[in-house]
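*Asks:* Take a look and give me a structure for this.
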Amino acid sequence: MPQYAEAAGGSLTDDKPDQPGKRAPRIRPVPAVTRAVAILRLLGQHANGLGVKAIADELGLVPSTGLHILRALVAENLVRQDPDTKRYTLGSGMVGLARAALANVGFASLAKPLLDGLAAKWGLTIMGTEITPRETLLVLSVARPDQPLQLHASVGSEFYHLTSATGRLVAAYTHLSTPELRAKFSRIQWDRPMPFEDWLAEVEVARNRGWAVDRDRFKNGITAYAVPLLSLNGAMTHSLVAMGISAEMPPNEGEALAHDMQVAADTIARQLSAD
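*Replies:* Model (predicted):
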């Protein structure tokens with residue numbers, strides 16, 4: 001199904017009202033906006049660009065509609081067209097928007113020095129992610145150790161929200177039923193898949209101890225530890241993730257690593273709630 005179709009096909013509302021007894025505001029669909037966003041996201045996945053027909057086919061658009069939207073995006077410098085190939089790619093205007101967004105994200109600026117400290121102490125790549133309404137994990141901040149061999153992660157990368165160690169925490173801190181989790185579990189892409197029942201048991205362990213680990217499952221040869229950041233009402237909003245090559249991860253120090261990450265997460269959460 002095209003990404004924009006769900007928003008264009010009916011009204012969307014917040015899951016919970018802002019105040020008890022008050023109806024959640026109705027968010028009316030704006031097809032032109034959702035289609036434009038879908039085009040931008042699609043182009044972000046294709047560095048070499050796409051033509052009008054390929055974009056229209058992928059998103060289920062009438063080609064003329066797609067062309068009108070693309071022209072508007074080109075006029076705003078959010079998309080550019082190669083004059084030779086006629087392919088469309090993201091434009092330089094997206095860079096300014098991305099920089100402005102990151103500059104205004106309090107989590108990224110608060111997290112960076114703490115992530116740098118964790119990366120230096122443990123020799124691991126440390127990420128700060130946000131759980132988005134689109135059921136994804138968005139990487140907002142990355143710190144890398146001063147080592148010749150590093151795992152690469154880019155700010156702006158997105159993953160399915162039940163992915164890896166953070167995914168176990170997302171499942172632990174939601175109120176989804178087992179059948180709902182089973183349906184969402186089927187969408188996880190693994191290098192080494194595991195049975196749902198085993199994953200569910202690890203979700204319960206993560207809930208009880210407040211941190212999670214993924215060893216060689218999501219990516220073979222890579223171990224990831226994750227801790228949650230919780231809002232004042234106990235909802236999970238972000239996570240801190242430590243990644244390393246499994247064979248080089250500190251032996252028997254998972255709890256100590258997780259403890260350091262929890263201290264950092266609590267510090268960031270307190271600062272965010274104070275802003």
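
*Asks:* for residue 225, what are its contacts?
*Replies:* With contacts defined as Cβ atoms under 8 Å, 6 or more residues apart in numbering, the neighbours of residue 225 are 165, 211-213, 241-242, 254, 257-258, 261. To be clear about C-beta, it is placed using only N, CA and C from the backbone, and glycine gets the same treatment.

*Asks:* Of the residues you listed, which pair is most distant in space?
*Replies:* The two members of these with the most space between them (Cβ to Cβ) are 241 and 254, at 13.5 Å.

*Asks:* Compare neighbour counts for those two and give me the winner.
*Replies:* Neighbours were tallied for residue 241 and for residue 254 using other Cβ atoms under 10 Å; the higher tally belongs to residue 241 (26 against 16).

*Asks:* Just confirm that one is within a strand.
*Replies:* Yes. Counting by DSSP: H, G, I helix; E, B strand; the rest coil, one finds residue 241 located in a strand.

*Asks:* where does it land on pLDDT?
*Replies:* At residue 241 the predicted local confidence, pLDDT, stands at 96.

*Asks:* Enumerate every residue touching it.
*Replies:* Contact criterion Cβ under 8 Å, 6+ apart gives 126-129, 164-166, 224-226 as the residues in contact with residue 241.

*Asks:* next one: residue 260
*Replies:* When contacts are counted by Cβ under 8 Å, 6+ apart, residue 260 touches 118, 121-122.

*Asks:* That one is in what secondary structure piece?
*Replies:* In the assignment (DSSP states H and E), residue 260 maps to helix 254-274.

*Asks:* Which positions within that helix qualify as buried?
*Replies:* Neighbour-count burial for helix 254-274 flags 254, 257-258, 260-262, 264-265, 268-269, 272 (criterion: 16 or more other Cβ atoms under 10 Å).

*Asks:* In CSV, list the residues you listed along with distance to residue 95 and pLDDT.
*Replies:* Conversion of the buried residues of helix 254-274 to CSV gives the following (distance: Cβ to Cβ, whole Å; pLDDT from 0 to 100):
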residue, distance to residue 95, pLDDT
254, 38, 91
257, 35, 96
258, 36, 96
260, 34, 97
261, 31, 97
262, 35, 97
264, 29, 96
265, 30, 95
268, 26, 92
269, 30, 91
272, 26, 84
